[in-house]
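Enquirer: Sequence isn't available, so here's the structure alone:
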C-alpha cells in the first residue's frame, strides 16, 4: 500500500457545522447567513462547514445546496477554511456536487457515507474513490451510522487514506472511542481525525485528532475553539475542564434531533434562523425550557 504523505490538515481546532437560516416561506435567508458567517469569522471559529447535517442539506434541492456553498465561499473570502458538504447516497450526484464546490474554491469536502443504500465496505471504497478521482480538493469522510445506517470500518478508512492521495481525513461520529483508536493505529496516525461529537472533543484530541466539526460552535464558538487550543498548547487540564463544563449544554443541544435544539438555542440568543424544514418540527416546550437553563448555566446571555 502507498502511504499518504503527512500534509497540513485543512484546519485544526473547532469548525462550525453551521446552521442554514430560512425565511418564513422556507427559502434560504442569505442576509442572515451572511451575518452568521461574519459572527464566526470574528469569534475564533477555525473553519466553516456548510451544508452538512446541521445545515439541513438533506432537504435542499441541488441548486439550493450549491448556491449556499458558493455564497459561503465568496463571503468568507479565505478568512477561514470553508468545507462543503457534498455527500449523497448517489455517487454520481456526490461527484457532480463535489466538482462544483471545488470549482467554487472550497478548501475541503465533507462526504457522508451513502445513506439508505447501506453500502458494503467495498461499496464505500468504490464510492469515495470515485469522487476523489474527479476532484483535487481534500476530502474528509463522514461516518455517522446513527443517521445513515452505514459505518466506515477502521480498515476501510485506513485503506482509503493510504491509497487515495486526496482522501485525508474522517469526521468520526460513531461515538465509539475504540473505533477512533483503531483508525489511528491502522494509519500510524497519518489521518486527520475530527470528532463529530461535541462531548468527545478531548478524547479524540488525546488520540491525535485535529479538532471537531461542531454543533456547539453555533452558540459557543469561542469556548469550542478554546477546548482545542488549550489542548494543543499543553493545557490538558484546562481543556478537559472546559469540555466537562460544556457537557450539560451539549446534552441539551442533542435532546431532540439535530438541528432542532441548536436552532432554538440561537433564537433564544436573539438570532432567529427561521423555521425548520419538514420533516423536522419545533422543539417541545419542556426541552426548550431545559435548553434555556443549560445555556444560562453555561454563561450564554439570552435575549
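Expert: All right, it came through fine. Bear in mind that the values here come from a model prediction, so they are computed numbers and not experimental data.
Enquirer: So what's the residue count around the nearest residue to residue 149 once chain neighbours are set aside?
Expert: Closest residue to residue 149 apart from its sequence neighbours, by CB to CB, 6 or more residues apart in numbering: residue 118 at 5.0 Å. Backbone N, C-alpha and C define where each C-beta goes, glycine included. By other CB atoms under 10 Å, the residues close to residue 118 number 14.
Enquirer: Check residue 118 and give its pLDDT.
Expert: Residue 118 is assigned a pLDDT of 88 by the prediction.
Enquirer: and it, that one's in a strand?
Expert: No - per DSSP: H, G, I helix; E, B strand; the rest coil, residue 118 lies outside any strand segment and is coil.
Enquirer: so it makes contact with residue 150?
Expert: Yes - look at residue 118 against residue 150 with CB atoms under 8 Å: they come within range, at 5.2 Å.
Enquirer: mind checking how far the residue nearest to residue 149 is from residue 127?
Expert: 12 Å (CB to CB, to the nearest Å).
Enquirer: And residue 296, by the same measure?
Expert: 44 Å.
Enquirer: out of these two, which sits in the busier spot?
Expert: residue 127 (24 against 13).
Enquirer: follow-up on the earlier one: tell me which residues touch the residue nearest to residue 149, please.
Expert: By CB atoms under 8 Å, 6 or more residues apart in numbering, the contact set of residue 118 is 148, 149, 150.
Enquirer: ranges for the strands of the stretch 1-150 of the chain?
Expert: Assigned by DSSP state E, counting those that start in this stretch, the stretch 1-150 of the chain shows strands spanning 13-17, 47-50, 82-85, 108-112, 139-143.
Enquirer: The stretch 151-300 of the chain now?
Expert: 167-172, 192-195, 211-214.
Enquirer: pLDDT-wise, which helix or strand of this structure ranks last?
Expert: Scoring the helices and strands of the chain by mean pLDDT, DSSP states H and E places helix 145-148 at the bottom, with a mean of 88.
Enquirer: now that one: how far from the chain's centre is it?
Expert: When C-alpha coordinates are averaged (CA atoms, centre = their mean, to the nearest Å), helix 145-148 and its chain have centres 14 Å apart.
Enquirer: Going by neighbour count, which residues in that helix are buried?
Expert: 145, 148 (16 or more other CB atoms under 10 Å).
Enquirer: same check, this time on stretch 264-278
Expert: Quick answer for stretch 264-278 (16+ other CB under 10 Å): 264, 265, 266, 267, 268, 271, 273, 274, 275, 276.
Enquirer: Now the fifth one: closest residue in space that isn't a chain neighbour?
Expert: What that stands for is residue 268. residue 302 (5.1 Å).
Enquirer: which residues of the stretch 51-200 of the chain fall in helices?
Expert: Counting by DSSP state H, counting those that start in this stretch, the stretch 51-200 of the chain has these helices, from start to end: 62-76, 91-104, 121-134, 145-148, 154-163, 177-186.
Enquirer: So which elements touch the third one?
Expert: Helices and strands touching helix 121-134, as assessed by 3 or more CB pairs under 8 Å, 6 or more residues apart in numbering; DSSP states H and E, comprise helix 91-104, strand 108-112, strand 139-143, helix 154-163, strand 167-172.
Enquirer: Give me the pLDDT for residue 7.
Expert: 55.
Enquirer: And stretch 112-123, what's buried?
Expert: 112, 113, 114, 115, 119, 123.
Enquirer: Just checking the distance from that stretch to the centre of its chain.
Expert: Using CA atoms, centre = their mean, the offset of stretch 112-123 from its chain centre is 19 Å.
Enquirer: Residues in contact with the least confident helix or strand of the chain: which ones?
Expert: 53, 112, 113, 114, 115, 116, 118, 151, 173, 174, 175.
Enquirer: Tell me if I'm right that residue 205 and residue 231 touch.
Expert: Yes - between residue 205 and residue 231 there is a contact at 4.8 Å, judged by CB under 8 Å.
Enquirer: thinking again about what came up before, compare the helices and strands packed on helix 121-134 and give me the one nearest residue 282.
Expert: Nearest of those to residue 282, taken as CB to CB: strand 108-112 at 25.2 Å.
Enquirer: Kindly calculate the angle that the closest one makes with helix 62-76.
Expert: 150 degrees (axes from the mean of the first three to the mean of the last three CA atoms, to 10 degrees).
Enquirer: tell me, how many neighbours does the nearest residue to residue 185 once chain neighbours are set aside end up with?
Expert: Once flanking residues are discounted, residue 185 sits nearest to residue 154: 7.8 Å by CB to CB, 6+ apart. Residue 154 is flanked by 22 other residues according to other CB under 10 Å.
Enquirer: For residue 199, see how far away residue 154 is.
Expert: 21 Å.
Enquirer: Low-confidence stretches in the protein?
Expert: 1-8 (pLDDT under 70).
Enquirer: In the sheet, which residues pair with the spatially most central residue of it? Tell me.
Expert: What sits nearest the mean C-alpha location of the chain, by CA atoms, centre = their mean, is residue 213, with 3.8 Å. Beta bridges link residue 213 to residue 15, judged by DSSP bridges.
Enquirer: Thank you, goodbye.
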